[in-house]
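This is a predicted model, with the sequence first.
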Amino acid sequence: QVQLVESGGGLVQAGGSLTLSCAASGRTFSSYGMAWFRHAPGKEREFLVATTWAGTSTFTSDSVKGRFAISRDNAKNTMYLRMNSLKPEDTAVYYCATTSRAGLRSEPSDYDSWGQGTQVTVSS
């Protein structure tokens, strides 16, 4: 298991940007595929973007494509989510997750470890 801690959330105005971080500890970070999800009140957990263990391939949901980008620094055991052009509908709790399964995965059930989440609130 990998332990994950998200940070970087907060309040931002519409049109602004935020970068979330996900710090990992425990088993080898670089062996895992990783992803970001979000969960807004009254909605199901939503996949945003995934990356392979090497960070050479990514898959981004159409809902955030062109605005959100994932990156990882295996030397620092940290993954990032850069969010640009934020909208009020991006308001949610954002989670990072890891998977030991190969490939780029978008189903929450494919992920083994989750962080506690960080709140992002976008004001209009």
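Nice, I can see it.

Could you work out the end-to-end span of stretch 78-98 for me?
Taking Cα to Cα, to the nearest Å, stretch 78-98 runs 12 Å from one end to the other.

quick one: buried residues of that stretch?
78-81, 83, 86, 90-98 (16 or more other Cβ atoms under 10 Å). (Each C-beta comes from the backbone N, C-alpha and C, glycine too.)

I'd like to know which of those is nearest to Thr51.
Distances from Thr51 to the buried residues of stretch 78-98, taken as Cβ to Cβ, are shortest for Met79 (7.4 Å).

list the contacts for that closest one?
Going by Cβ atoms under 8 Å, 6 or more residues apart in numbering, Met79 touches Ser21, Cys22, Ala24, Met34, Trp36, Thr51, Ile70, Ser71, Arg72, Asp73, Cys96.

Provide the strand pairings for the host helix or strand of Cys22, with the direction of each partner.
For Cys22, the enclosing helix or strand under DSSP states H and E is strand 18-26. Partners of strand 18-26 in the sheet, by DSSP bridges, are strand 2-7 (antiparallel), strand 78-83 (antiparallel).

sec struct for the most centrally placed residue in the chain, please.
Note on the chain: the residue nearest the mean C-alpha position is Trp36, at 2.1 Å, using Cα atoms, centre = their mean. Of the three states, Trp36 takes strand under DSSP: H, G, I helix; E, B strand; the rest coil.

give me the low-pLDDT residue ranges for the protein?
By pLDDT under 70, the weakly predicted segments of the chain are 28-30.

Would you map the helices across it?
For the chain, no helices are identified by DSSP state H.

who touches the residue nearest to the centre of the chain in this structure?
Residues near Trp36 by Cβ under 8 Å, 6+ apart: 20, 22, 48-50, 68, 70, 79, 81, 94-97.
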